[in-house]
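S.K.: Show me how the following folds:
(chains A and B)
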There are 2 protein chains.
Amino acid sequence: MPTIHEEGFFDYLKEIDCSDVEVYAIPEGSVVFPKVPLMRVEGPVAVVQLLETPFINLVNYASLVTTNAARHRFVAGKSKILLEFGLRRAQGPDGGISASKYTYIGGFDATSNVAAGKLFGIPLRGTHSHAFVSSYMSIDEILDKALKSHDGSRVCEDFVSLVQTWLSRIQLAGSLHGVFGETNQSELAAFTSYALAFPHNFLALVDTYDVMRSGLPNFCAVALALNSLGYKPSGIRLDSGDLAYQSNEARKFFRAIEKEFGIAGFGEMAITASNDLNEETIDALNKQGHEVDAYGIGTYLVTCYAQAALGCVFKLVEINNQPRIKLSEDIAKVSIPCKKRCFRLYGKEGYPLVDIISGESEPPPKAGERILCRHPFNESKRAYVVPQRVEELLKCYWPGNSCKPREELPSIKKIRTRCMQQLEQMRPDHMRRLNPTPYKVSVSGKLYNFIHFLWLNEAPVGELQ
Amino acid sequence: MPTIHEEGFFDYLKEIDCSDVEVYAIPEGSVVFPKVPLMRVEGPVAVVQLLETPFINLVNYASLVTTNAARHRFVAGKSKILLEFGLRRAQGPDGGISASKYTYIGGFDATSNVAAGKLFGIPLRGTHSHAFVSSYMSIDEILDKALKSHDGSRVCEDFVSLVQTWLSRIQLAGSLHGVFGETNQSELAAFTSYALAFPHNFLALVDTYDVMRSGLPNFCAVALALNSLGYKPSGIRLDSGDLAYQSNEARKFFRAIEKEFGIAGFGEMAITASNDLNEETIDALNKQGHEVDAYGIGTYLVTCYAQAALGCVFKLVEINNQPRIKLSEDIAKVSIPCKKRCFRLYGKEGYPLVDIISGESEPPPKAGERILCRHPFNESKRAYVVPQRVEELLKCYWPGNSCKPREELPSIKKIRTRCMQQLEQMRPDHMRRLNPTPYKVSVSGKLYNFIHFLWLNEAPVGELQ
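M.R.: Okay, here's the model as predicted:
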């Protein structure tokens, strides 16, 4: 435990040569299960040992937050827009970048993290802040009031007055049940100003003062003014209170506006919800019934509240052609020895049936052939499977100096698509939230025998633990 | 909500000029309380708004993990060595760097993150891995067996034989109650090899096979061999099982060795414990009684399991000399308006008594003067305080183009010392784990009146929420 490092160690690190290293990995965006190695690293032991921490660091949080994103997607449903809003609560700037990248891969549609948008081409989405709303005092602060119509054919010289006219029409319309009197003028000024800057993308945060009495009518006044110039407003964001109730009320209000003023499609205005959302709150919203179209999710997503760390570890499984096994009283911690190959066996309906791990030199399983799949440690758990299709899981991403072909690194969009497709093709009972059927991971008969042969040989020590 | 960003926006970001911005902050490493602003940012609203997310991102996790480290230090006690081992479970590489930096500031002694050691000069500590132990097959693999004595006066040509001799002596010594027969030879080889490479820093992970029957006697054999060459071995690490029991047994064994072979100080060999440790498990170890000298803490420390995110937010408090207040039905969410100054008032015994927030133009509180401290929202909660000492909390770290003096940025060691001192000087009842007395944050009488004047004026909207 050196208390002071030697400077020469950093020089050594600089000179490290990975040309003798080979790295195999399951393609990014794949669905994976415990016991199947995510990566296999071969090479000089000192170098491989140095790669342990960087690889685990890069794999653990990435896998965890991708899984968390996929779980949010699963509960929200395919039709909803999911926005990652977690930068403020991530572990520093790069923690935030990782979160944006991997939640996108896990099924989110966009991020509010502009740096991640720039780096990876992830679609950017966001709204203005509460501070933007409260930065206005009154509508008189807006000096540049002109707005060109969507088709460029005319200029509305006083967009502010147009908004005010629409607000009066809303306030006077009997069918809208006039629940509101005066709306907040800071808010109206902020919305109007935002619409003048972003007429194509007008999305307003409507809960700074009072959603029903101020935010909604103010939004609708600006949206109707934009609409009369040919623009299509984007919608609202709700960020506090009872999101189910407010979204239902907002939907009713939008539909009443559509009817009152004959604006086709206004009723289907997009409603975004945010405010400490997570799997459980989205599930609760679904049970209550709501009209939310998009969710902005931050803290619970990026910090992975439900499980804040993934426990991937590095195990030495073979050295100088000698297999190594790590025994433990806790069977979940016993490692599967040897350099291995891993396969996913697919059934007739296209679902993955089981993963199987075999020794490197064994003939790989073939489609149409009967394959014995054994539980790695439990003698009585065994089954024969005839797969329709066999997929090898570990691919070579770093061949080092070997002549092996190297897998292309796919684009982030392709990784995301792979992730969606892999989740899609899982048998539904593996995916249900309550008591899912565990997916099985097995070993070949030969590997099973070898594990137990080693175990018996090592056992005189192992049993004393 | 622009779905596609404009390229020009990135050009705008590149050109941003912060010379009109002033940033005030409470010095890093300070103890802080809710409602007291951690930073005050002044400047053009568009620029300040852009700084919101980066500042919150930089402050939130840093403050959270520093606090978490301080809590671990508090429960472990001052005499223990605390090692941050969290890189594998942090949010990617920079999440890990932030964790190492701020846990050091919060009271940890060292990190296993070599990059953080290099960047910030944080002491590095670590041990070898289980994989290192299992990478050896037998003692015959060690080819270079020579070791120079500590004083350089002689060379032991066969350190391996010296270790084996000591192992036999341990095994034959009646006073050691010979609970073990053959120890694991892979482990013995690994320890011997490690000692040959790091004779000054021999610390062994003793739980790969069996702590009592293999790891401990193997460690002692190597340690005694080193000792006979004048080296002082560093100790052991326990990474599984019942840490209280094992540390007690290890201590007994070390003391028995000290007595048997007359090696002064061997009984006080350092014992490091790791394995999913957190505040609760350390507290439980303390209650059981243990002999652990140092803790290696990873997952629970860096992910802040107890509370995975800190909820710092940005509030607009003044614009164009107009105060802004954010009202809410939830009083904890009502913001304190205006540009403000913040002070900590200290009592006779040196403890901080209360923080007080006042308007920028108010005369600051003075030592020895009677000061009215009011709860910001509760009329009946008020007290007069005569401080012995007054400390202004917000200091200018970025004066922009103003001529204000700029605080020096202290070194990480100074920040850490500040943090330790600040925690040290808190009144103990604020610090106890169970039902601590809340520390009070107050406002001046003038600011209190102003908040409530604004509240009444804004209330017609606020009350409708």
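
S.K.: Look up how far chain B lies from A:N435.
M.R.: A:N435 sits 26 Å away from chain B, taking CB to the nearest CB, to the nearest Å as the criterion. To be clear about C-beta, it is placed using only N, CA and C from the backbone, and glycine gets the same treatment.

S.K.: tell me which element that residue falls in.
M.R.: Secondary structure from DSSP states H and E places A:N435 outside every helix and strand.

S.K.: Next one: it from A:A284, what distance?
M.R.: With distances taken as CB to CB, to the nearest Å, A:N435 is found 19 Å from A:A284.

S.K.: which of those two has more neighbours?
M.R.: For A:N435 and A:A284, the more surrounded residue by other CB atoms under 10 Å in any protein chain shown is A:A284, and the numbers stand at 14 against 7.

S.K.: State whether that one is indeed within a helix.
M.R.: Yes - under DSSP: H, G, I helix; E, B strand; the rest coil, A:A284 sits within a helix.

S.K.: So the lengthiest helix in chain A, near chain B or not?
M.R.: As assigned by DSSP state H, the longest helix anywhere in chain A is helix A:45-76. Yes - using CB under 8 Å from any CB of the partner chain, helix A:45-76 comes into contact with chain B via A:45, A:49, A:52-54, A:56-58, A:60-62, A:65.

S.K.: can you check stretch A:233-249 too?
M.R.: Yes - Stretch A:233-249 is in contact with chain B by CB under 8 Å from any CB, via A:234-235, A:240-241.

S.K.: Which PyMOL command selects the buried ones in the residues you listed?
M.R.: Per 16 or more other CB atoms under 10 Å in any protein chain shown, the buried members of the residues of stretch A:233-249 next to chain B correspond to this PyMOL selection:
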select buried, chain A and resi 234+235+240
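
S.K.: which parts of the stretch 151-300 of chain A sit against chain B?
M.R.: Residues of the stretch 151-300 of chain A that fall close to chain B, judged by CB under 8 Å from any CB: A:184, A:198, A:200-201, A:203, A:208-210, A:213-214, A:234-235, A:240-241, A:272, A:299.

S.K.: Just those residues: which are in helices?
M.R.: The helices, defined by DSSP H, take in A:T299 from these.

S.K.: which pair in the residues of the stretch 151-300 of chain A next to chain B spans the largest distance?
M.R.: The most widely separated members of these are A:H200 and A:T299, with 30.2 Å between them, by CB to CB.

S.K.: check contacts around the nearest residue to A:L316 once chain neighbours are set aside.
M.R.: Closest residue to A:L316 apart from its sequence neighbours, by CB to CB, 6 or more residues apart in numbering or on different chains: B:A131 at 3.9 Å. B:A131 is in contact with A:49, A:52, A:314-316, counting by CB atoms under 8 Å, 6 or more residues apart in numbering or on different chains.

S.K.: Tell me the most packed of those residues, by neighbour count.
M.R.: Counting neighbours by other CB under 10 Å, A:L316 leads the contacts of B:A131 with 22 neighbours.

S.K.: Just the residues of the stretch 151-300 of chain A next to chain B: which are in strands?
M.R.: Using DSSP state E, A:203, A:235, A:272 are the members of those that sit in strands.

S.K.: ok, how many other residues are close to the first one?
M.R.: Meaning A:L203. Applying other CB under 10 Å, we find 25 residues neighbouring A:L203.

S.K.: Against A:Q164, how distant is it?
M.R.: From A:L203 over to A:Q164 (counting by CB to CB), the distance is 21 Å.
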